[in-house]
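[1] 3D model of this:
(2 chains)
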There are 2 protein chains.
Amino acid sequence: MSNPTAAMLVIGDEILSGRTRDANMHHLAGQLTAAGIDLKEVRIISDDAPAIITAVQALSAGFDHVFTSGGIGPTHDDITADCIAAAFDRPIDVREDARALLQAHYDRSGQELNAARLRMARIPDGAVLIDNPVSTAPGFTLRNVHVMAGVPSVFEAMVASVLPSLTGGAPLLSRTLRLVRGEGDIAGPLGAFAAAHPDLSVGSYPFVKDGVYGSNIVVRSSDASKLDSAMDALTALFA
Amino acid sequence: MSNPTAAMLVIGDEILSGRTRDANMHHLAGQLTAAGIDLKEVRIISDDAPAIITAVQALSAGFDHVFTSGGIGPTHDDITADCIAAAFDRPIDVREDARALLQAHYDRSGQELNAARLRMARIPDGAVLIDNPVSTAPGFTLRNVHVMAGVPSVFEAMVASVLPSLTGGAPLLSRTLRLVRGEGDIAGPLGAFAAAHPDLSVGSYPFVKDGVYGSNIVVRSSDASKLDSAMDALTALFA
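    Residues are numbered from 1 along each chain as shown, chains lettered A, B, ... in the order given. Below you'll find the predicted structure:
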């Protein structure tokens, strides 16, 4: 049986403008691989309501799980929750349980639960809250879409909250053979090896380091013993 | 007049599996911003022919330019060129000018232009080659799709080859005001500021550093004097 599939939707201009480098994608990719959920696609889009709605609908229909990051804070450019509600034609308003979480949090810190902060309690009808042990304002799951914050520490905490509730498959294991030979040298025998092992994923990732061409051959399988014998064969092939 | 739009398609499993962190996206985002071309979407997909073909068709129809990275080397998992040809229903075969480039390159280095390396001369009919000063094997442009290598040094060289040929708009300038105040504190006045400056892009990017919540307010415009006066007003607002 094949593993469940997933897509990620990163919402916000900061990566598209080159201002920041992604961190959440890399974190989620590693967590899903360990959980036996296959991350098949990532989309990064800007804070644009039609683009968000279209992407959510497409990814929700195409994959078992969708994870979003970004756009659920208190500022004017935080429009993700409203877009998710629109994508699934659900009403959205301040929800009492989310408001109570925020009220308790701001009471503890002596801050005011003002109108902007109250926006973070807007939750689409029928969603399940995702716990945020870092800064309280919750994420939520609606259907197969898990809506999480963009700040990396909060995103990571929410991933940790939601992942144990999902049914994964067999964790995908990977082994790497690093060769200091260009891909053009090894492509022939490597292609034959991949064709002879159709139950394994065999990838070649070229690199250039200090002017020398090399290739990382990555073999993936959820079967450890198959992986071991494949790596023995691969090592012998390029010895 | 608004700037031309662009999308990027990253092809390959290495980012989706969490094995490597993206570098090309960050580079391209910065280069496009400087050139006045608005990067609107990035998609990362695996080495899967139907997924590549569908994404190329969708992005080519939706944006002025599409930049792809990855999958144009000599190994069995390098299927991008064939997928681009399929996406636009063009024949593809080894092209003489591309073969001549490779032949000269491997003659110089005393290596054989074997069958695997010759795959890198497969170019869809009607494409224009993109110069690769790093390792010779060319990229290509077909319609509005610019097909480039995944190895960062090669990708960057190809971006430098192709960008000067594109007509950009006014470079988007950005200025950042860093506030050591949480978004919930500033969201009200910031929203009013954004509403009063509809010709500027005003984004808020929260951060947590050493347990302290802060916000980077990023204002973007291609008009330097508008940007200056907006930053003066913004600084006064939060002084």
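
[2] who are the contact partners of the residue most central in space within chain A?
    Closest to where the C-alpha atoms of chain A average out (Cα atoms, centre = their mean) is A:L28, at 4.0 Å. For A:L28, the contact set (Cβ atoms under 8 Å, 6 or more residues apart in numbering or on different chains) comprises A:8, A:39, A:67, A:69, A:155, A:159, B:18. Where you see a C-beta, it was placed from the backbone N, CA and C, and this is true even at glycine.

[3] what about 7 Å?
    Contact analysis of A:L28 by Cβ atoms under 7 Å, 6 or more residues apart in numbering or on different chains lists A:8, A:67, A:159.

[4] with A:Q57 instead?
    A:A87.

[5] and the gap between it and A:V147?
    As judged by Cβ to Cβ, to the nearest Å, A:Q57 and A:V147 stand 14 Å apart.

[6] just the contacts of A:L28 now: which is nearest B:S46?
    Nearest to B:S46 among these: A:M8, at 13.0 Å, using Cβ to Cβ.

[7] any idea which helix or strand carries that closest one?
    Assigned by DSSP states H and E, A:M8 belongs to strand A:5-11.

[8] contacts for that strand next, please.
    Against strand A:5-11 from outside (Cβ under 7 Å, 6+ apart): A:22, A:24-25, A:28, A:32, A:37-45, A:47, A:52, A:55-56, A:59, A:62-71, A:80.

[9] name the strands paired with that strand and say parallel or antiparallel.
    Strand pairing for strand A:5-11, determined by DSSP bridges: strand A:38-45 (parallel), strand A:65-69 (parallel).

[10] what's whichever helix or strand comes after the last one packed up against?
    Put plainly, it is strand A:65-69. Using DSSP H and E, the helix or strand that directly follows strand A:65-69 along the chain is helix A:80-87. For helix A:80-87, the helices and strands in contact under the criterion 3 or more Cβ pairs under 7 Å, 6 or more residues apart in numbering or on different chains; DSSP states H and E are helix A:49-62, strand A:92-94, strand A:122-124, strand A:145-148.

[11] could you give the angle of helix A:80-87 to strand A:65-69?
    Angle of helix A:80-87 versus strand A:65-69, following axes from the mean of the first three to the mean of the last three Cα atoms, to 10 degrees, is 150 degrees.

[12] list the contacts of helix A:80-87.
    Against helix A:80-87 from outside (Cβ under 7 Å, 6+ apart): A:11, A:49, A:52-53, A:56-57, A:68, A:70-72, A:91-92, A:122-124, A:142, A:145, A:147.

[13] quick check: mean pLDDT across it?
    Mean pLDDT, helix A:80-87: 98.

[14] distance from it to the middle of the chain?
    When distances are taken as Cα atoms, centre = their mean, to the nearest Å, helix A:80-87 is centred 19 Å away from the chain's centroid.

[15] do stretch A:113-129 as well
    23 Å.

[16] what does stretch A:91-100 give?
    The answer for stretch A:91-100 is 26 Å, by Cα atoms, centre = their mean.

[17] for the record, mean pLDDT for it?
    When pLDDT is averaged along stretch A:91-100, the result is 97.

[18] residues touching that stretch, excluding its own?
    For stretch A:91-100, the external contacting residues (Cβ under 7 Å, 6+ apart) are A:81-82, A:85, A:118, A:121-125, A:129, A:138.

[19] who's in contact with the closest residue to A:T80 other than its chain neighbours?
    Of all residues not flanking A:T80 in the chain, A:G71 sits nearest, at 3.4 Å (Cβ to Cβ, 6 or more residues apart in numbering or on different chains). Residues near A:G71 by Cβ under 7 Å, 6+ apart: A:11-12, A:47, A:78-80, A:150.

[20] any idea how far A:G71 lies from B:C83?
    The value you get for A:G71 to B:C83, if Cβ to Cβ is used, is 32 Å.

[21] and what of A:G70?
    Distance of A:G70 to B:C83, given as Cβ to Cβ: 30 Å.

[22] comparing the two, which shows the higher neighbour count?
    Higher neighbour count among A:G70 and B:C83: A:G70, with 27 against 24, using other Cβ atoms under 10 Å in any protein chain shown.

[23] who's in contact with that one?
    By Cβ under 7 Å, 6+ apart, A:G70 lies in contact with A:10-12, A:80, A:150.

[24] pull the most distant pair out of those residues.
    A:V10 and A:T80 (10.8 Å).

[25] what about the closest residue to A:A87 other than its chain neighbours, how many neighbours?
    Using Cβ to Cβ, 6+ apart and skipping residues adjacent in sequence, the residue nearest A:A87 is A:V56, 4.2 Å away. Neighbour count of A:V56, defined by other Cβ under 10 Å: 27.
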